[in-house]
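Sequence and predicted structure, then a few things I'm wondering about:
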Amino acid sequence: MVVVTLQRKKCIGCNYCVELAPEQFQMSKKDGKSVLLRSVDKKGFFTLKSPDASMYQPCVEAQKACPVKIITTKLL
């Protein structure tokens with residue numbers, strides 16, 4: 001199980017996450033911030049839980065590249 005979390009309010013819209021993990025992230029046309037696709041919002045933390053282990057590495061790369069460190073990726 002892969003668990004990815006995004007603190008969307010702190011996003012600065014740099015687009016690195018979209019470039020590195022385009023199947024999980026997208027930029028919002030409304031406010032220019034990152035959107036974690038298929039995620040659930042809980043108090044500003046958008047979380048995606050998936051059994052698809054192939055998304056782990058791209059999300060880790062997005063986590064490392066994020067300049068404001070608002071992405072976390074865990075493999076359970």
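Now that the structure is in, tell me what you want to look at. Here the structure is a predicted model, which is why all the values come from computation and not from measurement.

any idea which element the closest residue to residue 25 other than its chain neighbours lies in?
Counting by CB to CB, 6 or more residues apart in numbering, residue 17 is the residue found nearest to residue 25 once chain neighbours are left out, at 4.1 Å. Heads up, the C-betas are built off the backbone N, CA and C, glycines and all. Taking DSSP states H and E as the definition, residue 17 sits inside helix 16-20.

Equivalent analysis for residue 6, please.
In this structure, residue 6 is located in strand 2-7 according to DSSP H and E.

what about the strands in this structure?
2-7, 25-27, 34-36, 40-42, 45-50, 71-75 (DSSP state E).

which one of those strands is the most hemmed in?
Burial of these is given as mean neighbour count (mean count of other CB atoms under 10 Å); strand 34-36 ranks first at a mean of 23.

Grab the CA positions of stretch 7-26 and hand them over as CSV.
Extracted C-alpha coordinates of stretch 7-26, given in CSV (Å, rounded to 0.1, in the frame of the first residue of the first chain):
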residue,chain,number,x,y,z
GLN,A,7,-0.5,19.9,2.2
ARG,A,8,-2.1,21.8,-0.6
LYS,A,9,-2.4,25.2,1.2
LYS,A,10,1.4,25.5,1.4
CYS,A,11,1.9,24.8,-2.3
ILE,A,12,3.8,27.5,-4.3
GLY,A,13,2.9,26.1,-7.7
CYS,A,14,6.4,25.1,-8.9
ASN,A,15,5.0,22.2,-10.9
TYR,A,16,7.9,19.7,-10.0
CYS,A,17,5.4,17.1,-8.7
VAL,A,18,3.5,17.2,-12.0
GLU,A,19,6.6,16.8,-14.0
LEU,A,20,7.9,13.8,-11.9
ALA,A,21,4.6,12.1,-11.1
PRO,A,22,2.0,13.2,-13.7
GLU,A,23,-0.3,10.3,-13.0
GLN,A,24,-0.7,11.4,-9.4
PHE,A,25,-0.4,15.2,-9.6
GLN,A,26,-2.0,17.9,-11.7
